[in-house]
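Novice: Next one to model:
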Amino acid sequence: CSLRQGHLSTAPMSDKRPSKRARIGVEIVEDAGDWSFLENVQELVEAAAAEVATEPALRIKSASVTVALSDDASVALLNGQYRSKPKPTNVLSFPSGPGAGDGYIGDIVLAAETVRSEAGAEDVPVEHHFQHLVVHGVLHLLGFDHETEAEAEAMEKLEIGILARLGIANPYTGTLDTAKI
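Specialist: Model (predicted):
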């Protein structure tokens, strides 16, 4: 689900929350697909990005991302072209390359049909699954991955804490970890 081209420093900071100045700006592009099942996409994306930005374990002053709302067919083409996996997936992350604007960390592409069907199959609110995928995509853009067990554990730990602050249950166990709030 990630197309890593670069790696940003994400060294641990103190346990204190960073100032509210930490921010990830978002631009949403409606590329393809029927996203009418989500009434408040902008708010959902902004809330997810804001929680990533204020995650104490990350060093983020300000950044920006583009979130493309797409469909399974378009995502399957991208997945085939860039990952040699010509099938739809829920989220793809494309880190920014040379020449990107200051603070621009990349693009996240989501597939409407897959997002909706996964939420139904997992019996979770589609808004929660959508925000989880936005958080997951942003973490990929910040250099996190899940290719090894250690990487997966580190990334999942961050996701669980960020999602808990959004009031979203742990996507890996289905329980809300109130200790992470």
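Novice: When you work out contacts or count neighbours from here on, use the C-alpha atoms and nothing else.
Specialist: Will do.
Novice: Now V67: which helix or strand?
Specialist: Using DSSP states H and E, V67 sits within strand 62-70.
Novice: before we move on, what about V29?
Specialist: Using DSSP H and E, V29 sits in strand 23-30.
Novice: What are the contacting residues of that strand?
Specialist: 42, 45-46, 49-50, 52-54, 60-70 (C-alpha atoms under 8 Å, 6 or more residues apart in numbering).
Novice: ok, now stretch 45-53?
Specialist: 22-26, 60-62, 131-132, 134-135, 138-139, 162-163, 165-166.
Novice: could you redo the last one with a cut-off of 6 Å?
Specialist: Residues outside stretch 45-53 that contact it (C-alpha atoms under 6 Å, 6 or more residues apart in numbering): A22, R23, I24, I60, Q131, V135, I162.
Novice: Let me see the mean pLDDT of that stretch.
Specialist: The pLDDT scores in stretch 45-53 average 92.
Novice: buried stuff in stretch 153-163?
Specialist: Judged by neighbour count using 16 or more other C-alpha atoms under 10 Å, the buried positions of stretch 153-163 are M155, E156, L158, E159, I160, G161, I162, L163.
Novice: Stretch 76-96 too?
Specialist: 76-79, 88-96.
Novice: Tell me where the model's unsure across this structure.
Specialist: The model of the chain has pLDDT under 70 over residues 1-21, 174-181.
Novice: switch to 50 and redo it
Specialist: 2-19, 179-181 (pLDDT under 50).
Novice: Sketch out the helices for it, chain order is fine.
Specialist: According to DSSP state H, the chain carries its helices in the segments 41-53, 72-83, 112-122, 126-141, 149-165.
Novice: Tell me how far K87 lies from Q81.
Specialist: 10 Å (C-alpha to C-alpha, to the nearest Å).
Novice: what does D123 give?
Specialist: Distance of D123 to Q81, computed by C-alpha to C-alpha: 31 Å.
Novice: Tell me which residues are up against stretch 67-77.
Specialist: 28-33, 86-88, 107-112.
Novice: picking up where we left off before, mind putting the buried residues of stretch 153-163 into a markdown table with distance to G103?
Specialist: Shown next, in a markdown table, are the buried residues of stretch 153-163 (distance: C-alpha to C-alpha, whole Å):
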| residue | distance to G103 |
| --- | --- |
| M155 | 21 |
| E156 | 24 |
| L158 | 21 |
| E159 | 22 |
| I160 | 25 |
| G161 | 24 |
| I162 | 21 |
| L163 | 24 |
